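S.K.: Following is a predicted model, sequence given first.
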Amino acid sequence: MRVIITVMQRNWRNDTWSGQRQRGYMIIKKLTKEQEESIPAFIQKWVSKASGEADRVAAANAVRSIYKGMGEEEPVVIFGESPFSTAIMASLSSSPKDNDSQLHSQLYSQLRSQLHSQLYSQLDSQLYSQLDSQLYSQLYKIYQNSYTSIFWLAWSGWYDYGQYIGVEFDKKAYELFMTFAENVGFIIPYKGVAFVSDKPISIRWINGLLSYDHGKSVEYADGWGIYSLDGVNLNEDEWGKIVNQEFTLETLAKAEMGADKSAVAIKYLKPDLLLKQVGAKLISVGVHDGTELYQVDDFMGTGDTEYCMKMQHPTIKDQFYIEWVEPSIAKNKDADMAQAVAFQITKRQYLRSINK
């Protein structure tokens, strides 16, 4: 039995979808229970392939095959341990010809149209976007002709699963796409030579976000990488000040790091330190250990009175965090009421859950 998935096209003007199917093929309308239960394994499989040791021989062969498919001469493939060192090697090589940028476009087109048509998103939204912005800011001139292929790992998982449920692909195109995406982390293609970077040696995620408070969340063999917390990209100095508790609310206000970075910095401040910095005054203690309601007068010099609650993390033992409370709720000076509202239940329901 041959199986094909309907190709859907979106009309962005009226936000509608249309699809066509080829006669003689069976369309998959519903997954079996076994197929559904296998999805997490495929996701984990391809997320894990974003880091680790790459097969340089396979990578070189894939690059040469793609060049051949574009009608280009077989290139010399030069490897680096990270996108940064790879780009440095490319920048120190002889000046690229005028049509090298066109070659980059051809490579993208070959992967995008020919391979992709025959054959998103933790890797796309997190790892790809952060690598992309980091490289762009540091290596703008050389980066214009580069190509980060981690994006395609998300599609690799999609195709791998499609094959598992019975979709038939062009075998040659499928294997070439998979080999390229799995082993080529970054490429700068020129006429006659291609500079290729290895994959990261480690990537650290927390709840689907790039985050690590003991070093780089994305690290390559030569030491280059990315610092991030809760999915927010940081430079080394910002990351160090946050994890070492060197920021205060006052210095954060002056740092002008942007809303996302400031929010992460405040989140990583220890609750007792944060309460001390804002001059918080304890006004109520809840029945649950560690639940405390505080009043903050003249918050950040605004003249406003704000309220916050210190509470224990629901899943991590002995870890506390701060949550701000609506003044209309906090004015009752009832920590248990504030906690119940935070859980979106009544105070009676909350107290019953505590007493179980």
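M.R.: Right, received. Where do you want to start?
S.K.: Every contact and neighbour count from this point should use C-alpha atoms.
M.R.: Noted.
S.K.: and E246, how many neighbours does it have?
M.R.: By other C-alpha atoms under 10 Å, 13 other residues sit near E246.
S.K.: Give the phi and psi angles for it, as a check.
M.R.: Main-chain torsions, E246, degrees, to the nearest 10: phi -90, psi -20.
S.K.: same thing with L234?
M.R.: Dihedral angles of L234 (phi, psi; degrees, to the nearest 10) stand at phi -130, psi 150.
S.K.: Can you name the residues bridging to it?
M.R.: L234 has these beta-bridge partners by DSSP bridges: Y227.
S.K.: where are the low-confidence patches of the stretch 1-150 of the chain?
M.R.: Scanning the stretch 1-150 of the chain for pLDDT under 70 picks out 1-29, 94-149.
S.K.: could you measure the nearest residue to K199 once chain neighbours are set aside against K261, distance?
M.R.: If the residues on either side of it in the chain are set aside, K199 comes closest to G185, at 4.9 Å by C-alpha to C-alpha, 6 or more residues apart in numbering. Distance of G185 to K261, computed by C-alpha to C-alpha, to the nearest Å: 27 Å.
S.K.: Among those two, which residue is more densely surrounded?
M.R.: The residue with more neighbours, out of G185 and K261, is G185; 26 against 22, by other C-alpha under 10 Å.
S.K.: Can you verify my assumption that that one contacts I150?
M.R.: Yes. Using C-alpha atoms under 8 Å, G185 makes contact with I150 at a distance of 5.8 Å.
S.K.: which residues do those two both contact?
M.R.: Common contacts of G185 and I150 (C-alpha atoms under 8 Å, 6 or more residues apart in numbering): none found.
S.K.: dump the residue contacts of T291.
M.R.: The contact partners of T291, by C-alpha under 8 Å, 6+ apart, come to V285, M309, K310, M311, Q312, A335, D336, Q339.
S.K.: of those residues, the lowest pLDDT goes to which?
M.R.: Across the set of those, Q312 stands lowest in pLDDT, at 79.
S.K.: List phi and psi for the residue nearest to K199.
M.R.: Dihedral angles (degrees, to the nearest 10) for G185: phi -80, psi -30.
S.K.: And the pLDDT at it?
M.R.: G185 is assigned 86 on the pLDDT scale.
S.K.: Please report how far it lies from A60.
M.R.: Applying C-alpha to C-alpha to G185 and A60 gives a distance of 12 Å.
S.K.: and if you look at S91?
M.R.: Taking C-alpha to C-alpha as the measure, S91 falls 20 Å from A60.
S.K.: ok, these two, which is more surrounded?
M.R.: A60 (22 against 15).
S.K.: wait, doesn't that one sit right on P75?
M.R.: No. Applying C-alpha under 8 Å as the test, A60 and P75 come out as separate, 9.1 Å apart.
S.K.: got a list of contacts for the helix or strand containing D237?
M.R.: In this assignment (DSSP states H and E), D237 forms part of helix 236-243. Among residues not part of helix 236-243, those counted as contacts by C-alpha under 8 Å, 6+ apart are D213, Y227, S228, L229, F247, A265, Y268, L269.
S.K.: what's whichever helix or strand comes after that helix in contact with?
M.R.: Going down the chain from helix 236-243, the next helix or strand is helix 249-255, by DSSP H and E. With contact meaning C-alpha under 8 Å, 6+ apart, helix 249-255 is reached by S262, I266, L274, Q277, V278.
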